[in-house]
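Trainee: Need a 3D model of the following:
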Amino acid sequence: MSDLIQQFESILDANGILCGEEVCNRAVHVWDDSSIEARAILRPTTTAQVSAILKLCNEANQTVVPHGGRTGLVQSSITVANDVIISLERMNQIEEIDEVGRTITVQAGVPLQVLQETAEAAGLFFPVDLGARGSCQIGGNVSTNAGGNRVIRFGMMRDNVLGLEAVLADGTVVTSMNTMIKNNAGYDLKQLFIGTEGTLGVITRLVLRLREAITEDETAFVAFDTFDQVTGFLKYIDGALGGTLSAYEVLWHDYYDLVTTSPATNKPPVEKTRPYYALVESLGTVTDREKFEATMIKALEDGLIADAAVAQSGGDRAAMWAIRDDVEQFFRYGPPQIFDVSIAIRHIGEYVEEVKRRLAERWPDHHCFTFGHIGDGNIHFAITVPNADHKVHRAVEDCVYEPLAPHGGSVSAEHGIGLEKKDYLTVSRSPTEIALMRRLKHSLDPKGILNPGKIFEFAGAM
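Mentor: Numbers count the residues shown, from 1 in each chain. Down below sits the predicted model:
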């Protein structure tokens, strides 16, 4: 390894390599302060450096794990002592904004919030948004095909990527920095690297689609008596707002009560007497404000919703979103298991009831908090059970994942597979799909050096 380190030193500058204590002083995750294990952390500043590093590693059969902001929730960036980490943290430059074409070209290490603020300063808007915006990096967002709060209108990360540059395991640089919305010239190669968690290549640069700046942000907090009201109001308001509905975040009573009860400091905008609540957001223009308020009033009058509070200021909107985003309250009862699944909207109500029935039957004193981006079929659970060893964790996973199969649901809506979910990949993918994934892996990374062990087992030809 010392010979390999010397070769890395010939590629990188003095700040480009971290070894020993500089590695173990870093935390595994923003929510886990355990020390990182790895031979070294390599911090390139250019695509050429990434290419040279991977070429060396491939020749030496050295496993490599890409790191972004380490905010993922499926153990996709976990390393072992023999791994080398490539961190994109120093590749953090905004290269260009095309205000006419409404695109932004960035390096992979740019934090999501920096990208959003840069677009805003140019009078434009990048719509993908998630709670880890201040820490996550855009390359990691693309590698995991992040979703977040506005998928119902603007799609996943995949839908906002026009082009990218990535480096294959052998150091080959694939540059497909397309800037056009329409481009059907052959295979769309960028899709090989979006959502594949760094197992097929390391993303280094991106061209992202921007939108015109939003002039008005209307937000309301709504309460429901039944889950049929939840789904019925989604269809109603989406049609009534004429395409401006951008978020429909549903909170079950257990979650709403948790984040509005001390030590949480959030104040409930509507009474805590209903089984379901929704945070509704509409992004549009000044004229859309009147339409939004009129739509909410009519929904109340027609009995489509049980109660509602409409934000009257930016402070009100921030307070409503703070309720939705206060996920650290999950840790009040100990480290939770956090789940990210998706299922057809029409099955959500019965599916959640089935999961909760299974949990209560097995662990009467468990805690389960439920919320999600219901507008796109995505549900999150945070579950804590007593004396939760590995065997118990697996039993909880069975309670959540098994009921998905009859409805064709997915064990991962937006977080990926990583190590956390790979044993359950067969719930959502057929044997032929998994076989094709392996063929792609073998074609692009035959030695299996890139993010080994993630998504599925792959025995590379080392």
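Trainee: How about residues contacting the host helix or strand of residue 222?
Mentor: Element membership of residue 222, judged by DSSP states H and E, is strand 216-224. Outside strand 216-224, the residues within contact range by C-beta atoms under 8 Å, 6 or more residues apart in numbering are 230, 233, 269-271, 273-286, 288-289, 292-293, 296, 299, 305-311, 314, 316-317, 320-321, 323. Any C-beta I mention is one placed from the backbone N, CA and C, and that applies to glycine too.
Trainee: List only buried entries from the residues you listed.
Mentor: Buried by 16 or more other C-beta atoms under 10 Å: 230, 233, 269-270, 274-284, 288-289, 292, 296, 299, 305-311, 316-317, 320-321, 323, out of the contacts of strand 216-224.
Trainee: In helices, which of the residues you listed fall?
Mentor: 230, 233, 288, 289, 292, 296, 299, 316, 317, 320, 321, 323 (DSSP state H).
Trainee: What is the lowest-pLDDT residue among the residues you listed?
Mentor: pLDDT is lowest at residue 288 among these; the value there is 74.
Trainee: isn't that one right next to residue 244, touching?
Mentor: Yes - applying C-beta atoms under 8 Å, one finds residue 288 in contact with residue 244, separated by 5.4 Å.
Trainee: Give me the common contacts of those two.
Mentor: By C-beta under 8 Å, 6+ apart, the residues touching both residue 288 and residue 244 are residue 282.
Trainee: can you pull the contacts of the closest residue to residue 309 other than its chain neighbours?
Mentor: Excluding its sequence neighbours, the residue lying closest to residue 309 (C-beta to C-beta, 6 or more residues apart in numbering) is residue 269, at 4.0 Å. With contact set as C-beta under 8 Å, 6+ apart, residue 269 has these partners: 221, 309, 316, 319, 320, 323.
Trainee: so how far is residue 288 from the fourth one?
Mentor: This points to residue 319. Counting by C-beta to C-beta, to the nearest Å, the gap from residue 319 to residue 288 is 21 Å.
Trainee: Centre-most residue in this protein?
Mentor: residue 146 (3.4 Å; C-alpha atoms, centre = their mean).
Trainee: Confirm that it lies within a strand, as I assumed.
Mentor: No - counting by DSSP: H, G, I helix; E, B strand; the rest coil, residue 146 is not part of a strand but coil.
Trainee: Apart from its neighbours in sequence, what residue is nearest it?
Mentor: Residue 146 sits nearest to residue 157 (C-beta to C-beta, 6+ apart), 4.8 Å away.
Trainee: so the one you found touches residue 143, yeah?
Mentor: No - between residue 157 and residue 143 there is no contact under C-beta under 8 Å: 9.0 Å.
Trainee: Between these two, which contacts overlap?
Mentor: 194, 195.
Trainee: Mind checking which of these two has more residues around it?
Mentor: Using other C-beta atoms under 10 Å as the criterion, residue 157 and residue 143 rank with residue 143 on top: 31 against 26.
Trainee: State the pLDDT value of that one.
Mentor: The per-residue pLDDT of residue 143 was computed as 97.
Trainee: again, but for residue 216
Mentor: Confidence score, pLDDT, at residue 216: 86.
Trainee: now residue 258
Mentor: 97.
Trainee: In terms of distance to residue 191, which of the ones in helices among the buried ones among the contacts of strand 216-224 ranks first?
Mentor: If you rank those by distance to residue 191 using C-beta to C-beta, residue 321 comes first, at 31.4 Å.
Trainee: Show me the beta-bridge partners of the nearest residue to that closest one once chain neighbours are set aside.
Mentor: Counting by C-beta to C-beta, 6+ apart, residue 321 lies nearest to residue 279, which is 7.0 Å off, once chain neighbours are set aside. Going by DSSP bridges, residue 279 is paired in beta bridges with residue 221, residue 249.
Trainee: Residue 445 and residue 438: what is the separation?
Mentor: For residue 445 relative to residue 438 (C-beta to C-beta), the value is 11 Å.
Trainee: Show me which of the two is the more surrounded one.
Mentor: residue 445 (23 against 14).
Trainee: which regions of the chain lie under the pLDDT threshold?
Mentor: Along the chain, the parts satisfying pLDDT under 70 run over 1, 286-287, 461-462.
Trainee: can you give me the helices in it?
Mentor: Under DSSP H, the chain gives helices at 2-11, 21-24, 47-59, 112-121, 138-143, 151-154, 227-240, 253-259, 286-301, 314-325, 348-362, 390-401, 425-428, 431-444.
Trainee: from the middle of its chain, how far away would the third one be?
Mentor: This means helix 47-59. If you compare the mean C-alpha spot of helix 47-59 with that of the full chain, they lie 27 Å apart, counting by C-alpha atoms, centre = their mean, to the nearest Å.
Trainee: tell me which residues of that helix are tucked away?
Mentor: So for helix 47-59, counting by 16+ other C-beta under 10 Å, buried means 47, 49, 50, 51, 52, 53, 54, 55, 56, 57, 58.
Trainee: now do the second one
Mentor: Of the residues in helix 21-24, those buried by neighbour count under the rule 16+ other C-beta under 10 Å are residue 23.
Trainee: Take it, keep the C-alpha atoms, and write them as CSV.
Mentor: The C-alpha trace of helix 21-24 is given here as CSV (Å, rounded to 0.1, in the frame of the first residue of the first chain):
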residue,chain,number,x,y,z
GLU,A,21,-5.7,9.8,12.3
GLU,A,22,-7.0,12.2,9.6
VAL,A,23,-9.1,9.3,8.4
CYS,A,24,-10.4,8.0,11.7
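Trainee: got the contact list for it?
Mentor: For helix 21-24, the external contacting residues (C-beta under 8 Å, 6+ apart) are 35, 36, 37, 38, 39, 40, 41, 85.
Trainee: Return the closest of the residues you listed with respect to residue 340.
Mentor: residue 36 (23.5 Å).
Trainee: wait, isn't that closest one in contact with residue 20?
Mentor: No - with contact defined as C-beta under 8 Å, residue 36 does not count as touching residue 20 (11.6 Å).
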